[in-house]
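Visitor: okay, predicted coordinates and the sequence, questions at the end:
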Amino acid sequence: MMGKKHNANPLRLRPDYEALNLPAAEIHFNNFSKTIGRTDGAFRSVFRGRSMELEDLREYVAGDNLRDIDWKSSSRTGEILVRNYVADKKRRFMFVVDTGKNMLGAMPDGHSKTAAGIITAASAAYMCTKAGAEYQIIGGLEAGRVERYSSGPGFLEGQLRRLEGCYNMSVKLAGKRKKDLSNEFNMQLKRIVATPMRSVSLFLITDLYGVLTLDDRLIKSICTVRDLYVILMEDADWGSSHIYNAQTGVAVSEYLSYSSSMADEISTKKADLLSKAMRNLRACGASYDIVRSTQDITESIIKVLNKGVG
């Protein structure tokens, strides 16, 4: 998989958390999740349960249980208000981030897919926390690690530093590994799925190469029992200097880098592979989106979590 040397200007590897508070309010999960089993109780929404602890009042919307209407408050305000209750159970997410050599390349905006992956994981985890969820973040070298699900600033920062450590280790091992790493991300996901994870949604952060290495049967089996979300980082376009093979680290000659015929051929092949990957994800029932720029990360997270399809 070819990539462009990423932008020399360092990208801040933490999002502006305060700026994410408003977008986080736009997240609306499905009323019933695959991760909620029959024995887990019914939820009118993912985070609203039937406990006795009152959280707040809000305006009535079609589909609300009539028993939740607060008639006294409604008569005082002149609007129909319903009671929100704190959920007995929280939704759980496992963010699985591809830290393979393929993620060392750049995106069309010039920033590295590595940096974009870290920012995406941080932003998605924070926004899910604002919606009441718990999570953990898993990097490529930690597929067998099982950690508690939690939330909060300290927990998030610890998870991100561990993720950065996975990326740093991948860079060190990039030139030392002799075995074929073509299915590294696929094997990583298989080990994770083999671990008991009741009521956990999977959120994958990878690129086109990573998606293409995933086994279709594995994706289908995941989507059958749990929600699967995928954010795909797009590779840099052909037709500029400093292009190299992300798998081998070998630079591409300037002559080939600026070849118009080569650019057209690669663009067509890339579009075909992208179409194939998206078609497979759609057929399996996964929710996905493609990120071409770091500026699009927040919008893509909202779209994916709201079950949009890229």
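Guide: On my side now, so go ahead.
Visitor: tell me where the longest strand sits in this structure.
Guide: In the chain, assigned by DSSP state E, the strand with the most residues is strand 200-207.
Visitor: which elements pack onto that one?
Guide: With contacts defined as 3 or more Cβ pairs under 8 Å, 6 or more residues apart in numbering; DSSP states H and E, the packing partners of strand 200-207 are strand 92-97, helix 113-130, helix 184-193, strand 228-233. C-beta: built from backbone N, CA, C; applies to glycine.
Visitor: figure out which of these is closest to Leu214.
Guide: Leu214 sits nearest to helix 184-193 of all those, at 5.2 Å, using Cβ to Cβ.
Visitor: give me the number of residues near the residue nearest to Ile301 when sequence neighbours are not counted?
Guide: Counting by Cβ to Cβ, 6 or more residues apart in numbering, Ile301 lies nearest to Ala124, which is 4.9 Å off, once chain neighbours are set aside. Per other Cβ atoms under 10 Å, the neighbour tally for Ala124 reads 30.
Visitor: run through the residues that contact Ala124.
Guide: Going by Cβ atoms under 8 Å, 6 or more residues apart in numbering, Ala124 touches 93, 95, 203, 205, 231, 301, 305.
Visitor: what residues sit buried inside stretch 280-299?
Guide: For stretch 280-299, a neighbour-count test (16 or more other Cβ atoms under 10 Å) marks 280-281, 284-292, 294, 296-298 as buried.
Visitor: relative to Ala106, how far out is the residue nearest to Ile301?
Guide: 21 Å (Cβ to Cβ, to the nearest Å).
Visitor: could I get the helices and strands packed on strand 200-207 as TSV with mean pLDDT and distance to Tyr149?
Guide: Compiled in TSV, those are given as follows (pLDDT from 0 to 100; distance: least, Cβ to Cβ, whole Å):
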stretch	mean pLDDT	distance to Tyr149
strand 92-97	93	5
helix 113-130	95	11
helix 184-193	80	14
strand 228-233	96	16
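Visitor: buried deepest among these, which one?
Guide: Most buried of the helices and strands packed on strand 200-207, by mean neighbour count (mean count of other Cβ atoms under 10 Å): strand 228-233, with a mean of 26.
Visitor: in its sheet, what does that strand sit against?
Guide: Taking DSSP bridges as the criterion, strand 228-233 pairs within the sheet with strand 200-207 (parallel), strand 287-291 (parallel).
Visitor: circling back to that earlier point, reformat the contacts of Ala124 as JSON lines; add distance to Leu156.
Guide: Supplementary listing: those in JSON lines, determined by distance: Cβ to Cβ, whole Å:
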{"residue": "Phe93", "distance to Leu156": "12"}
{"residue": "Phe95", "distance to Leu156": "11"}
{"residue": "Phe203", "distance to Leu156": "14"}
{"residue": "Ile205", "distance to Leu156": "15"}
{"residue": "Ile231", "distance to Leu156": "17"}
{"residue": "Ile301", "distance to Leu156": "15"}
{"residue": "Leu305", "distance to Leu156": "17"}
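Visitor: let me know the closest of these to Asn102.
Guide: Comparing the contacts of Ala124 against Asn102 with Cβ to Cβ places Ile205 closest, at 12.4 Å.
Visitor: just the angle between the lengthiest helix in the chain and strand 200-207, please?
Guide: Identified as the longest helix of the chain according to DSSP state H is helix 260-284. Helix 260-284 and strand 200-207 are oriented at 170 degrees to each other (axes from the mean of the first three to the mean of the last three Cα atoms, to 10 degrees).
Visitor: which helices and strands does helix 260-284 pack with?
Guide: helix 208-212, helix 216-225, strand 228-233, strand 287-291.
Visitor: burial of Arg226, as a residue count?
Guide: A count of neighbours around Arg226, defined by other Cβ under 10 Å, yields 19.
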